[in-house]
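> Show me how the following folds:
(one chain, ligands or ions: 1)
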Amino acid sequence: MSETQDRIISWHASPSKPAYTPPPGAVDAHCHVFGPMAEFPFSAKAKYLPGDAGPDMLFALRDHLGFSRNVIVQASCHGTDNAATLNGIAKSNGKARGVAVVDPAISDAELERLHEGGIRGVRFNFLKRLVDDAPKDKFLEVARRIKGLGWHVVIYFEADILEELRPFLDAIPTLIVVDHMGRPDVTQGPDGADMKAFRALLDSREDIWTKVTCPDRLEEPKGPPWDDFARAVAPLVADYQDRVLWGTDWPHPNMQNAIPDDGALVDMIPRIAPTAELQQKLLVTNPMRLYWPEELG
Ligand SMILES: O=C(O)/C=C(\CC(=O)C(=O)O)C(=O)O
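Coordinates of the predicted model:
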């Protein structure tokens, strides 16, 4: 990607203060860092060239929104070089952990180094607009190797390939977390074809979790107040309450044409998890079980 290209700003300059206050210890379990590029250059294969959105900005947003911890997910613009993600974790005083994207040829020593740096999962990305290829056989090899580290697989795909992916998903030997519920069409409602297919996946294994994230992406281009998202997703949170995670998705890669207000995203939480018990599971208990299990005693 050429350095002369304009760098994209996909995040809100001054997000509102949410009306909703998350419980103490709340985890933003899906966010990213971009660069800073001078220290952590983007991948030559990156499909977008964002502005710098480093750990200081992420932690300022965390505090502004009333959260305590972050799970930093390696974004495709950094390819398989996880240095920017590791830098974010290292700067967090123990308040961040991460999910890496790895070259399938990665050595055991490098996996150990990632573990030491706070990585607890690998992400397999199937979005053609973001990655050149997604080799299922090699991904399965990686999944078998990370099982021994106690890691999980985070997987990103869109609803139209769910059925095609089923044999691959069935073969993954670790816990699986599906990004953004596999991007269902939320305008179909809670009982629409996409949600039904996604529930069938969740019902196929107890160890498939999901992130109930990204009303902005799932209701693009309509935008807030994201009523379709709330209507489609609230029943899912109620029915699978021990295996759901929530995150801001900051700095919202590729959302430059519909940049969400992070405060408004936080205010979606009580609409999809209306009780204190559901909120505690979604924001604290569930992410702590996956990313800081040693602190649960
Ligand atoms: O941030 C997300 O969750 C979604 C992304 C970006 C992404 O995943 C990446 O760059 O790796 C998207 O849909 O463009």
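> where exactly do the strands run in the stretch 51-200 of the chain?
69-73, 96-100, 119-125, 152-156, 176-178 (DSSP state E, counting those that start in this stretch).
> Identify whichever of the ones you listed lies nearest to Asp203.
strand 176-178 (13.2 Å; Cβ to Cβ). Just so you know, the C-beta spots here come from the backbone N, C-alpha and C atoms, and that holds for glycine as well.
> Tabulate the CA atom coordinates of stretch 280-288 in PDB.
This file holds the C-alpha atoms of stretch 280-288, laid out as PDB (Å, rounded to 0.1, in the frame of the first residue of the first chain):
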ATOM      1  CA  GLN A 280     -22.600  -8.600  34.200                       C
ATOM      2  CA  LYS A 281     -22.200 -11.700  32.100                       C
ATOM      3  CA  LEU A 282     -21.900  -9.900  28.800                       C
ATOM      4  CA  LEU A 283     -19.400  -7.300  30.000                       C
ATOM      5  CA  VAL A 284     -17.500  -8.900  32.900                       C
ATOM      6  CA  THR A 285     -18.000 -12.600  33.600                       C
ATOM      7  CA  ASN A 286     -17.800 -13.900  30.000                       C
ATOM      8  CA  PRO A 287     -14.800 -11.900  28.800                       C
ATOM      9  CA  MET A 288     -13.000 -12.600  32.000                       C
END
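> next one: that stretch to chain centre, how far?
Once both centres are worked out by Cα atoms, centre = their mean, to the nearest Å, stretch 280-288 turns out to sit 15 Å from its chain's centre.
> One more: stretch 242-262?
The mean C-alpha position of stretch 242-262 is separated from the chain mean by 8 Å, Cα atoms, centre = their mean.
> how about it against the ligand, any contact?
Yes: shown here: stretch 242-262 in contact with the ligand (Cβ under 6 Å from any ligand atom) through Asp249, Pro253, Asn254.
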